[in-house]
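K.L.:
any chance you could fold what I've pasted below:
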Amino acid sequence: MSDPISRLDQFRADAPGAPMSSAAEARRRGDQIRRRKRAVVTAGAAAVAAVVAGPIIFLSTGVGDKGIDPAPAPSDSAAAPSASASTSDLSRDNLPTEGDLVADDPYPAWVQEQTYDGEGTDTYNDCLTESLSDSGAEATFRRDFVAKPGEEMADAAGTLNAVVAEFGSADEAEKVRTELADAAASCPAVDGAEKAGYLPVEGGVISDGSVDVVTYLPDDPAMNARWEVATAVVSAEDRVLVMSRKRGVQDYVSPTTLQTSAVNAAYRMVGARPPADPSADPTETGSPATDGLSAVNLIDGSTLPALDRFESPLGWNQYTPASDVPTLACQKEWLSSLGASAKVTSDYRWDTDSAMVGQVHMAVMEFPDENAAAAAYNEVMEWQEVCPANKLGVDPEVTSLPIDVSADLDAGPKRAARSQATYPGPDGNDSIWFETELVAEYETRLVLVGYAELAGPCPPSTGDKNDPCYQPDQPDSWPDRILAIEKAAVTAGISDLR
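P.N.:
Coordinates of the predicted model:
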């Protein structure tokens, strides 16, 4: 029997009228459709990131309608279709909806403003110098969002848009994603742009993704803030999502809301229902739509006790480490080696006018079952005991072996172990980081906390007058501060399970 694609070629050659797709094109489109159907069927749990509470201070002077007013957009009816739309099954249905987006508290929800066939006529991201069409996209669609008009603080929330594109292959899509992510991180189109933060976007249907944040000074000197551009670039199969948020800020807050929005949008891009969609059926993929981790499971920085040995203009400030920083100084491997099915993290620092003097690193991990969680707990305890670590480029030294503190925490964990370690401070002299490390287990979940204070050569005061390092002029709140941070972390980490 002859090849049906060969018969299609013959029919194409004999048939009058408009030209038809070639055999290779037919095979390629069929492969794309089959891949997408598989992606929809097998899409598992997404890494739904936390919406981290914490104040972002926006000034209304210069950062309102005047500061963020986008260029006028053409109407839906006037929008030009993507040049290659006829060869793609990408459509407006693959754009995120209002329900897919997460807004920072206390700002209003995002609402749809405009939808385009194509990428629109105005610039949708200050950092990107090349359009998706110029990068070889076969079809593109764009949707713009604004904070709900008339609501309190709507003018300060900024703007958000999403562009989806389809390419000829998954490899081509990933190549473009990498190039766009590099541009989002370096922002070559803006003079003086500074990198402010980064988060991964991963899980479920996503092939690869990231959120990069840059800030830069405005042209208007009266605008008492900096522009912040956060860009999520995500690939899934042969498609790429670019989600951009621009707003005026004074303080940086990790872009976890954009991270969550990008995860939801990636599902929508490939035709699957996002995990956040209340109509999504968890049984469709044979596994839960999410692993239950969200903002509820992370510390609110405003509740952390003050590091009262040092004055700080900001207090505990959430940040994204510039390079990979372990949650625990003593951890042997990155946490991904423990086999968790989901993980959320947060990082805080306490700064004086000249240096960082306090750090809080927290991770909450969900495991497939209680046995897996218990095995991971035992592995972390081994790290605490022998500290076989070099993630910080130094060799931490264990100063206190892990002890059971589950009763002290009074927060419900089945097991909890606290240890202490030290490692050299940044000046290489007498300064030392004194780190307290905690791992707590509850059902299928682990909570890890690494809390470090800079001191030296003596540790922070414990109030023990018999200690050779006792310093009567120092507050003796270190032990209480350790316990308060641990209790807050564990309480939040397992709050949805109790």
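K.L.:
drop to CA atoms for contacts and neighbour counts, all remaining ones
P.N.:
Fine.
K.L.:
number of residues surrounding the residue lying closest to residue 445 once chain neighbours are set aside?
P.N.:
Once flanking residues are discounted, residue 445 sits nearest to residue 366: 4.7 Å by CA to CA, 6 or more residues apart in numbering. Look at residue 366: counted by other CA atoms under 10 Å, it has 25 neighbours.
K.L.:
for residue 461, what are its contacts?
P.N.:
Residues near residue 461 by CA atoms under 8 Å, 6 or more residues apart in numbering: 469-471, 474-478.
K.L.:
farthest-apart pair in those residues, please.
P.N.:
Maximum pairwise distance in the contacts of residue 461, criterion CA to CA, is 14.8 Å, between 469 and 477.
K.L.:
hang on, the earlier thing: what's the spacing between the residue nearest to residue 445 and residue 233?
P.N.:
26 Å (CA to CA, to the nearest Å).
K.L.:
likewise residue 205?
P.N.:
14 Å.
K.L.:
with residue 403 instead?
P.N.:
For residue 403, the distance to residue 233 equals 43 Å [CA to CA].
K.L.:
which parts of the chain belong to which domain?
P.N.:
With domains defined by automatic domain parsing, the chain comprises 59-273, 295-497.
K.L.:
would you mind finding the most buried of these?
P.N.:
Of those, the one with the most neighbours on average (mean count of other CA atoms under 10 Å) is domain 59-273, at a mean of 20.
K.L.:
from the chain's centre, how far out does that one sit?
P.N.:
Averaging C-alpha positions (CA atoms, centre = their mean, to the nearest Å) puts domain 59-273 14 Å from its chain's average.
K.L.:
confirm residue 185 sits in a strand?
P.N.:
No - using DSSP: H, G, I helix; E, B strand; the rest coil, the secondary structure at residue 185 is helix, not a strand.
K.L.:
contacting residues around it?
P.N.:
So residue 185 contacts 195, 212-214 (CA under 8 Å, 6+ apart).
K.L.:
among the residues you listed, which pair sits farthest apart?
P.N.:
Top of the distance list for those (CA to CA): 195 and 212, 7.8 Å.
K.L.:
before we move on, the earlier item: which members of the contacts of residue 461 are positioned in helices?
P.N.:
Among the contacts of residue 461, the members falling in helices (DSSP state H) are residue 478.
K.L.:
narrow the contacts of residue 461 to those in strands?
P.N.:
Among the contacts of residue 461, no member falls in strands (DSSP state E).
K.L.:
which helix or strand in this protein has the lowest average pLDDT?
P.N.:
Ranked by mean pLDDT, DSSP states H and E, the weakest helix or strand in the chain is helix 65-68, scoring a mean of 30.
K.L.:
what's the next secondary structure element after that helix?
P.N.:
Next helix or strand after helix 65-68 toward the C-terminus (DSSP states H and E): strand 110-117.
K.L.:
which secondary structure elements does that following strand contact?
P.N.:
Under the contact criterion of 3 or more CA pairs under 8 Å, 6 or more residues apart in numbering; DSSP states H and E, strand 110-117 touches strand 139-147.
K.L.:
what's in contact with the strand it packs on?
P.N.:
82-85, 88, 90-92, 95-96, 107-120, 132-133, 154-155, 157-167.
K.L.:
hey, C-alpha coordinates of that strand in PDB?
P.N.:
Taking C-alpha atoms only, strand 139-147 is exported to PDB below (Å, rounded to 0.1, in the frame of the first residue of the first chain):
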ATOM      1  CA  ALA A 139       2.100  33.000  15.200                       C
ATOM      2  CA  THR A 140       1.900  35.400  18.100                       C
ATOM      3  CA  PHE A 141      -0.900  36.800  20.300                       C
ATOM      4  CA  ARG A 142      -0.800  39.400  23.100                       C
ATOM      5  CA  ARG A 143      -3.000  40.500  26.000                       C
ATOM      6  CA  ASP A 144      -2.600  43.600  28.200                       C
ATOM      7  CA  PHE A 145      -3.900  43.800  31.800                       C
ATOM      8  CA  VAL A 146      -4.200  46.700  34.200                       C
ATOM      9  CA  ALA A 147      -5.100  46.900  37.900                       C
END
